[in-house]
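J.: just coords:
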């Protein structure tokens, strides 16, 4: 996972969404490899968790 945020605060859902979109756009038109699928799934899991935290006001 190439999360580019190097701060102590976790990335926001918007930052993770942008990272997911960039990741997938770079691989448009083809099937993800198993390693790429793992990266995508980790990004998506982080995005979902960040969304839950944002809704709780954290």
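T.: Thanks, I have it. Computed from a prediction, not measured in an experiment: that's the story for all the values here.
J.: element containing the spatially most central residue of the chain?
T.: Nearest to the mean C-alpha position of the chain, counting by CA atoms, centre = their mean, stands residue 43 at 3.1 Å. Assessed by DSSP states H and E, residue 43 sits inside helix 34-55.
J.: ok so, going back, ok, for the residue nearest to the centre of the chain, nearest residue in space, not its chain neighbours?
T.: Closest residue to residue 43 apart from its sequence neighbours, by CB to CB, 6 or more residues apart in numbering: residue 20 at 5.0 Å. C-beta: built from backbone N, CA, C; applies to glycine.
J.: So which residues make contact with stretch 23-35?
T.: If you take CB atoms under 8 Å, 6 or more residues apart in numbering as the criterion, stretch 23-35 is touched by 2, 36, 39, 40, 43.
J.: Give me the buried subset of those residues.
T.: Among those, those buried by neighbour count (16 or more other CB atoms under 10 Å) are 40, 43.
J.: can you tell me how far the residue nearest to the centre of the chain sits from residue 15?
T.: To residue 15, residue 43 is 11 Å away according to CB to CB, to the nearest Å.
J.: And for residue 36?
T.: Taken as CB to CB, the span from residue 36 to residue 15 is 20 Å.
J.: okay, and for the protein, where does confidence drop off?
T.: For the chain, the stretches with pLDDT under 70 are 1-7, 58.
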